[in-house]
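Asker: Here is my input; please provide its structure:
(chains A and B)
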Amino acid sequence: MEFTREIYWNVGHGWTTLAPMYGLLLVALAVFDLGMYKRLKVYRLGHPLDRTDQRGERFRFLVDNVLLQAKVLRVPGAGSAHALFFWSFFVLVIGTSLIVIQADFTDLFFGIKFLKGTFYKLFSLTLDLAGLVAILMLGGLMVRRYLIRPEGLVTKGDDALMHGLLLAILITGFLIEGARMAVTEMGTPLAPWSPVGWGIAALLTAMDEASLRTLHAGLWWVHLLLALGFIAVIPFSKFRHIVTTSANYFFADRGPTGKLTTVNLEDENTEKFGANQVTDLSWKDIFDADACTLCKRCQDRCPASLTGKPLSPMQVVNQIGEVAFADPATNLIDTVGREAIWACTTCRACQDICPASIEHVGKIVEMRRNLVLMEGEFPGEEVMTAMEQTEVNGNPLGMGYASRGDWAEPLGVKPLADDPEVDVLYFVGCYASFDKRNIAVATSFIKLCQAAGIKVGILGKEEKCCGEPMRKMGNEYLYQTLAMEMVEVIKGYGVKQIVTTCPHCFNTLAKDYRDFDFDVEVVPHAVFLDRLTAAGKLPIKAEPFTCTYHDSCYLGRHNDIYDVPRKLVRAAGGHITEMAKNRDQAFCCSAGGGRIMAEEKLGERINIKRVQMAVATGTGQLLANCPFCLTMFEDGVKGADVEEQLRPRDIAEVLAERLASTNA
Amino acid sequence: MNILICIKQVPDMESKFKINGEGTWYDRADLAWRMNEYDEYAVEQAVRLKEQVKDADLTVLCIGPDQVTETMKKALAMGCDRGVHIADADSAKREPVEIAAMIAGFAKEKNFDMIFTGMQSQDRGSAQVGVMVAELLGIPAVTTIVDFVYDNGAIQVKRELEGGSKAVVTATTPVLLTCQLGLNTPRYPTLPNIMKAKKKELLTMAPDTGGTGSRQEIASCSFPEKKGGGLVLEGDVAELADKLIQLLKEKTTVLA
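Answerer: Numbers count the residues shown, from 1 in each chain, chains lettered A, B, ... in the order given. This next block holds a predicted model:
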């Protein structure tokens, strides 16, 4: 016998079926379009932003994340369940489409049937199992949401609608299959190819054929209405993430990672800077709110959220959406709250993990820009003082600018003004220039360079802060003033390569300065030292030690540099015991986003929390690659009272200690 | 209301100070410059007053070389309406009465209702210029104010006195007020105001002391001599006690 089945069995294939079916489909699609169009109008409240360049890459990213669920799968458990549900439901949608294509197109017009034979058997089995997987995953996700109730998970009526509708579609699908099979397939060799349907049919055989046919026809229409209802309700429910989140992969920020938009300060017609209304943001910022599924992955990783500060990246994103759809004239800063806005460390943990490619950090910085540039507001007087100090002395510490290069004198390192013939310019940064603890790091780095025969120059008193903390704190004007001055000074010396010991300087010079026509190669010290090691230029004598390693946000998540520093630690003889939160999941030290200039007044201290994670490794040593991290850890070990148990150090210090010459 | 604010550009106190070649004042090289802290309070108070009464015109005056206009721009960005720069490259050599004469010379015909200035400068610290200006103009001066209330023509201020006590003083215009730490927190200029400040009127005038000459000059200037610092004793408590007694016997007369 030919393995196949009669499509439209029992419901008929005449106009009495097709006309209402396609009529209702058109209604569903019309409702969908209207709903999406209304939302589109709200997205357009934002100002223009081109997110349609690099279409090939954008499309590939969309495929990776929709079809392969790449970002969703980064978090096992709920993420895996979502992916399995998506795949199985996707298979069901394709299967249903194939039926429609054969019945109402290829067979109707050309007499071609492809749902037969072995293909039909496999088709039948695949769809049957897909339905089973979908129900199991949905069930699992419902147990998680309604019984386990993970902390922070926001559950609304929307979620009940989603779960209920999907479950009803899946269950009616199986019941229809069961009723049909009970009449047509029981005892045939085809039945085992739909195992779930077979089982349901076996339960239904107690009913007589007429009742089965009535049940089947009735459920068929219910199933159809549910499926069409699903389409119609997409724009009005959380289902819209099927459209918006998918589209957001296409519109995602394509980098450079963490580079902020540069405000045009020259334009004399600009009367407002930053954002205190949704209309000051881009359309993508409003669209992001619609792409958010409230999965709370951002909130679960936000160092501010986790230490009791009133910031949830998820909430900020959604508040923007709520204001945009309710009353766009509302003051956004009042809605989000100043304490939330100032609490962000720009660590990117939220943005990195977001399975919907939402950009949280830029929104917060736009609101900060408004507070600083339009209101002269800061999180505290100490931050305003640091800004003023930077204006006067070029560093937030308020140290006299002329002594910036003093630390390097005993090492024989000269400013380029005195000797411009160097292999590399070391952009020292404020902390390594003035802070005693970080001068020790700079000194170690110079010793390593000298041992490798590299001639290093500095800018000395010509160097100023790169502007990163000020920029992240919202002071775009001060940042641009500093950036333009630094670009001019560095370019004036025709420098070929710059090395930094501060990832904040690195990220700023390598990415943000590009907007000022600056294209000198910039290398973080870990990478620079690794290259020297690889070239056999660094005479390091490995000596075994144990440690843990902290990925700074600006070397890690902002630049994906995870392996190189670890390789260096191993080269020095180090054995790393990782903290629970490491690499792209690393927990911020608290000093990013300009917070290095601010006092942490709310909640628990972030740095103490991180130091405790390091203590838990029992290694006794916490290696860092960033002066801000090191400063926060030195402070953290005192605050956590673990000075005897944990020694924070920079990688360069450990390496310098193992220079063959010093051991000889 | 016509208001004058007198400000001075001073080196940042964190700077690396060196004595100049003549040995009479600090060398200007390698210094970072900023507005005298007390003058910032003066500017802030004047701007707040304008915000309160709306109808006021704020003139900021500064004496010094061309570079002081940078500091004046901050005052303009904070909210002053116009600037008067008395271009005097030698201002650092002038004694307070000459500076006061220059200011009074400018202010004489202008009929300012109120003059705000810092209670002293961070570099010279004479605390004389403000009161001398008032004297030369024949108007009252209230010094070291830490609180200021203006209500429909009546001025009430608090002056800082010795030992933490304060005096409440009332005054009417015209009056000169010198401002002390604690009066207010100077604002951070907003970007639109920084932009606007670039276009505000900034008049440059030649220095004119009106015949008041220098009657004193700095003979020499030096850093305080380093006198022996503190001594930290470390070690066992019993030994420490012995060491201390020995030191007290040798270096002091307390045990004699």
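Asker: check whether stretch A:597-613 contacts chain B.
Answerer: No - using Cβ under 8 Å from any Cβ of the partner chain, stretch A:597-613 never reaches chain B; the gap is at least 13.1 Å. The way it works is simple: take the backbone N, C-alpha and C, and place the C-beta from them, glycine included.
Asker: Quick check: which helices or strands does whatever helix or strand residue A:350 lives in pack against?
Answerer: Secondary structure assigned from DSSP states H and E places residue A:350 in helix A:349-353. Counting contacts by 3 or more Cβ pairs under 8 Å, 6 or more residues apart in numbering or on different chains; DSSP states H and E, helix A:349-353 packs against helix A:297-301, helix A:313-326, helix A:360-369.
Asker: ok, the residue of the stretch 51-200 of chain A found nearest chain B - how many residues close by?
Answerer: Closest contact between the stretch 51-200 of chain A and chain B, by Cβ to the nearest Cβ, is at residue A:51 (27.3 Å). Residues contacting residue A:51 under the criterion other Cβ atoms under 10 Å in any protein chain shown number 18.
Asker: swap in residue A:403?
Answerer: 17.
Asker: contacting residues for it?
Answerer: Listed by Cβ atoms under 8 Å, 6 or more residues apart in numbering or on different chains, the contact partners of residue A:403 are A:434, A:461, B:16.
Asker: would you say the last one is within a helix?
Answerer: This points to residue B:16. No - counting by DSSP: H, G, I helix; E, B strand; the rest coil, residue B:16 falls outside a helix, being coil.
Asker: The stretch 251-400 of chain A: helices as residue ranges?
Answerer: A:283-291, A:297-301, A:303-306, A:313-326, A:332-336, A:338-343, A:349-353, A:360-369, A:375, A:381-393 (DSSP state H, counting those that start in this stretch).
Asker: would CSV of those helices with mean neighbour count and distance to residue B:158 be doable?
Answerer: CSV is the format used below for these (neighbours: other Cβ atoms under 10 Å in any protein chain shown; distance: least, Cβ to Cβ, whole Å):
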stretch, mean neighbour count, distance to residue B:158
helix A:283-291, 25, 48
helix A:297-301, 23, 48
helix A:303-306, 25, 40
helix A:313-326, 21, 43
helix A:332-336, 19, 34
helix A:338-343, 22, 31
helix A:349-353, 25, 48
helix A:360-369, 25, 36
helix A:375, 14, 28
helix A:381-393, 20, 21
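Asker: about what we covered before: right, and the residue of the stretch 51-200 of chain A closest to chain B touches residue A:288 too?
Answerer: No - judged on Cβ atoms under 8 Å, residue A:51 makes no contact with residue A:288 at a distance of 11.3 Å.
Asker: How about the residues of chain B by chain A?
Answerer: B:12, B:14-16, B:30-34, B:185, B:187-192, B:194-195.
Asker: Show the secondary-structure elements that the longest helix seen in chain B is packed against.
Answerer: Counting by DSSP state H, the longest helix found in chain B is helix B:37-53. Packing partners of helix B:37-53 (3+ Cβ pairs under 8 Å, 6+ apart): strand B:2-7, strand B:57-64, helix B:68-78, strand B:114-118, strand B:141-151, strand B:175-179.
Asker: got the buried residues for it?
Answerer: By 16 or more other Cβ atoms under 10 Å in any protein chain shown, the buried positions in helix B:37-53 come out as B:37-50.
Asker: One more: stretch A:8-16?
Answerer: A:9, A:10, A:11.
Asker: What values do phi and psi take at the first one?
Answerer: The reference is to residue A:9. Main-chain dihedrals, residue A:9, degrees, to the nearest 10: phi -60, psi 140.
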